[in-house]
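**Q** next come a sequence and a model predicted from it.
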Amino acid sequence: MNLTQLGWNESFNQDFLSYQKEGYTVGRVALEHKRIYRVLTEHGELLSEITGKMRHDAIEREDFPAVGDWVVISPRVTEQKASIHAVLPRKSKFSRKRAGNTTEEQIVAANVDTIFIVNALNTDFNLRRIERYLLLAWESGANPVIILSKADLCGDVMSKIEEVESIAMGVPIHAISAESGTGLDELATYLQEGNTVALLGSSGVGKSTLTNALYGEYKQEVNTIREDDDKGRHTTTHRELVLLPSGGLLIDTPGMRELQLWEADEGLSHSFSDIEELTTQCRFRDCKHKGEPGCAIKQHLDDGSLDASRYQSYMKLQKELAFLARKENQRAALAEKAKWKKLAGDRTKFNRK
C-alpha cells in the first residue's frame, strides 16, 4: 500500500516536513487496543507503541492517537513494529463525551472525509437520535450523509425519507438494503481512492452488514435482530480502519446507544439553522420564547409550521451543551493547574541534576 491510498495529501505532508528532516516516517492508525496500535505504513502493518516522551508530554486524551490519525513513527521493519513519536494535526475528528461521570473527550474517528450516519428503517427508527449524530457530525469537520438501512423491512420508505429531510436540510439521504444490495451503488462516490468514511449509528442498525457488503466478503461478525423489539444486538466491539477494494477507507465503530455531546455549538447552529433563523424574527432581541409578544417561535409552534418535538429537542440539546461547557471549564482549570505542577516538578528535577 502507498500513502496516497491511505488518504495522505499535501496538507498532511506540510505538517510532516519538520519530522521528515529528522529521519522519521509516517503511518495511519487502523486499530487501537489498550494503547497498542496497529499502524498502516508503506512497510505494511506495524504494531506500535507511543514513546515514553510522548506519554510524558501528553496532557489530555486527545494528545494520544485515535483510529484514523496520521502518526510520526520510527519503524523497525524486520520486527514489524514501530515507535510513535507524535500525532499530526487532525483535519477532522468525530468526538463524544466519554461514557460515565467524567468530563473527558473520546475521539471516535479522526481525519474522516464523510460520516455515514446509519439508522435502520424498522421500529428503531429515531429522528431525535439522527439529530444528535448530525450535531456532532457537523462539528467534526466531515460531511454527513444519512444512510437509512434495512429498507427491505420498511413498507413506506419515501415517507421516512421525507421525515428525515425535515430535520436534515441539504444532507444527502440514501435508503439501502445491504442484504439485497439495494442502493449500494449510490455510495460509491463517497468511497473513491484515498477517501475515508466513518460508519456511525446505534447498535444493530446494520453497520457490520454494510461493511461486509462494501468489502465484498465477510469482514465483520453480524447478529440478527431481536424478535421482541426489532433491535439488533451489538456486534462490532472496536473501531477499525479498513481499506476497501474500491480504494476507499472505511472506519466501522461500535454501536452507541447513548451519544453524549462534546463541543457542538457550531453543529447546533448548523443542524437547527431553521430554528435559529426564526429567533431572529422575534420582536425583542432578548426574547426567551416563553410567551413574550411578537415571539416568532411561539407563532410557528401555534400554527404547526415548527414541529414541537423538534423545538423541544433543540432546547434539550442547548441545556446539555451549556452544562457540558460548565463542567469542561472546571476540568480545564484543573488540567491547567496539573500542567504547571508537572512543569514545576520537571524543573525541580532538572535543577537537582
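**A** Arrived safely. Numbering: from 1, shown residues only.
**Q** residues in contact with S166?
**A** 307, 310 (Cβ atoms under 8 Å, 6 or more residues apart in numbering). Heads up, the C-betas are built off the backbone N, CA and C, glycines and all.
**Q** what about 6 Å?
**A** Contacts of S166 were listed using Cβ atoms under 6 Å, 6 or more residues apart in numbering, and none were found.
**Q** ok, it to S305 distance?
**A** Per Cβ to Cβ, to the nearest Å, S166 is found 11 Å from S305.
**Q** now do L31
**A** Per Cβ to Cβ, L31 is found 48 Å from S305.
**Q** also I59?
**A** Here I59 is placed at a distance of 48 Å from S305 (Cβ to Cβ).
**Q** what of S95?
**A** From S95 to S305 the distance is 34 Å (Cβ to Cβ).
**Q** give me the more crowded residue out of these two.
**A** A count of neighbours by other Cβ atoms under 10 Å puts S95 above the other of S95 and S305, at 21 against 10.
**Q** per-residue pLDDT of E266, please?
**A** Each residue has a pLDDT score; the one for E266 is 62.
**Q** which parts of this structure are helices?
**A** Here the chain has its helices, by DSSP state H, at 10-20, 52-57, 127-140, 157-165, 207-215, 265-271, 273-279, 296-302, 308-352.
**Q** pull the distance from the second one to the chain's centre.
**A** What separates the centre of helix 52-57 from the centre of its chain is 26 Å, taken as Cα atoms, centre = their mean, to the nearest Å.
**Q** report all helices and strands that it contacts.
**A** For helix 52-57, there is no helix or strand it packs on, judged by 3 or more Cβ pairs under 6 Å, 6 or more residues apart in numbering; DSSP states H and E.
**Q** in that helix, what counts as buried?
**A** M54 (16 or more other Cβ atoms under 10 Å).
**Q** low-confidence regions, the stretch 151-300 of the chain specifically.
**A** Within the stretch 151-300 of the chain, the ranges that satisfy pLDDT under 70 run 217-237, 254-267, 269-270.
**Q** which parts of it are strands?
**A** 173-175, 196-200, 240-243, 249-252 (DSSP state E, counting those that start in this stretch).
**Q** tell me what the shortest one is packed against?
**A** Yep, that's strand 173-175 we're talking about. Using 3+ Cβ pairs under 6 Å, 6+ apart: strand 173-175 touches strand 143-149, helix 157-165.
**Q** one more: the second one?
**A** Using 3+ Cβ pairs under 6 Å, 6+ apart as the contact criterion, the elements in contact with strand 196-200 are strand 114-120, strand 249-252.
**Q** quick one: that strand to helix 127-140, angle?
**A** 150 degrees (axes from the mean of the first three to the mean of the last three Cα atoms, to 10 degrees).
**Q** report the contact partners of the nearest residue to T196 once chain neighbours are set aside.
**A** Nearest residue to T196, sequence neighbours excluded (Cβ to Cβ, 6 or more residues apart in numbering): L249, at 4.4 Å. L249 makes contacts with 196, 241, 243, as judged by Cβ under 6 Å, 6+ apart.
**Q** quick check, nearest of those to I50?
**A** Distance to I50 across those (Cβ to Cβ) is lowest for L241, with 17.9 Å.
**Q** quick one: that closest one and Y37, what's the gap?
**A** Taking Cβ to Cβ, one finds L241 at 11 Å from Y37.
**Q** ditto for S140
**A** Separation of S140 from Y37 (Cβ to Cβ) stands at 21 Å.
**Q** give the contact list for the residue nearest the centre of the chain.
**A** The chain has F94 as the residue nearest its centroid, 2.8 Å off, counting by Cα atoms, centre = their mean. Applying Cβ under 6 Å, 6+ apart, we find F94 in contact with 108-109, 140.
**Q** model confidence score at it, please.
**A** Looking at F94, its pLDDT is 85.
**Q** quick check: bridge partners of it?
**A** A109 (DSSP bridges).
**Q** tell me how far stretch 30-42 is from the chain's mean position?
**A** Put simply, stretch 30-42 sits 18 Å off its chain's centre (Cα atoms, centre = their mean).
**Q** list the buried ones in it?
**A** 30-32, 37-41.
**Q** circling back to that earlier point, save the helices and strands packed on strand 173-175 as a markdown table, and put in mean neighbour count too.
**A** Below are the helices and strands packed on strand 173-175 laid out as a markdown table (neighbours: other Cβ atoms under 10 Å):
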| stretch | mean neighbour count |
| --- | --- |
| strand 143-149 | 24 |
| helix 157-165 | 14 |
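**Q** same list, the ones you listed, but as JSON lines with distance to R76 please.
**A** Below are those laid out as JSON lines (distance: least, Cβ to Cβ, whole Å):
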{"stretch": "strand 143-149", "distance to R76": "37"}
{"stretch": "helix 157-165", "distance to R76": "49"}
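**Q** out of the ones you listed, nearest to L214?
**A** Nearest to L214, of all the helices and strands packed on strand 173-175, is strand 143-149, at 11.1 Å by Cβ to Cβ.
**Q** I176 and N119: what is the separation?
**A** 11 Å.
**Q** then A109?
**A** Distance, A109 to N119, by Cβ to Cβ: 18 Å.
**Q** give me the phi and psi for G248.
**A** Dihedral angles of G248 (phi, psi; degrees, to the nearest 10) stand at phi -80, psi 170.
**Q** just give the closest residue to it, not the sequence neighbours.
**A** L191 (3.2 Å).
**Q** and for that neighbour, the neighbour number?
**A** 20.
**Q** do the one 10 residues further on as well
**A** G201 sits with 26 neighbouring residues when counted by other Cβ under 10 Å.
**Q** fine by me, we can end here.
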